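Peer 1: Starting from these lines, generate the structure:
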Amino acid sequence: MQLTDPTLHPVFIVYLLDKQEPDWVSLGPSELRRRIGSVSSENWNKIQAAKTALACSAPFDDFRMFSHVVRALNGTTVDFTTLPPPGVLELVGGAQMLHLLGTTQQEGKEFAEEIYQYSGAVSDFHAAGPLPEPLKKSGRYVKVPVQDPGVAEAANEYIGSLNALLMQQLGQ
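Peer 2: Next comes the predicted model:
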């Protein structure tokens, strides 16, 4: 399996892994790397983030884990000793990917209130205003007025482009 294209959507990577290595979530990092072969560092971050999201509820419940997983799903290298806030597009896109991964589980996974509080604080940090789905509930925690009205539109366009990428990759 070749996972060297850093633009692969995390849900598409999970789809590929599920087909070729059905037990991939339970494998340790070195065994998983051995089995999948070549993988870009961006995709390795996405794989580890997806594995975390599929194996436990922490990214849906704990804002620190949510922040790290959201950044990694976007292909960002995560430094676990710091907690820089994600950018608005990174936050919204990563939350959408995390939501898609969470809803692939039979029982489904929902974001805890703490995630909406954190997302509202990130939105305030960037003066972005209320966020679109799946973080729309964070709007009740947004306190800073919108400085750039184009952010919401850009976030929706980013989610649309991520969904289009996933559909294109699944259609291959």
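Peer 1: Which residues does stretch 77-89 contact?
Peer 2: Residues from elsewhere that reach stretch 77-89, judged by CB atoms under 8 Å, 6 or more residues apart in numbering: 41, 45, 64, 67-68, 70-72, 74, 76, 91, 94, 121-123, 125-126, 128, 131, 151, 154-155, 158. For the C-beta atoms, the positions are set from N, CA and C on the backbone; glycine is no exception.
Peer 1: again with stretch 118-130
Peer 2: Applying CB under 8 Å, 6+ apart, the contact partners of stretch 118-130 are 63, 66-67, 85-88, 91, 95, 131, 135-136, 138-149, 151-152, 155.
Peer 1: centre of the chain versus that stretch, how much separation?
Peer 2: Distance of stretch 118-130 from the chain centroid (CA atoms, centre = their mean, to the nearest Å) equals 17 Å.
Peer 1: tell me which residues of stretch 69-82 are tucked away?
Peer 2: The neighbour-count check on stretch 69-82 (16 or more other CB atoms under 10 Å) flags 69, 70, 71, 72, 73, 74, 75, 76, 78 as buried.
Peer 1: Of the residues you listed, which is the nearest to residue 25?
Peer 2: When the buried residues of stretch 69-82 are compared for distance to residue 25 (CB to CB), residue 69 wins out at 14.3 Å.
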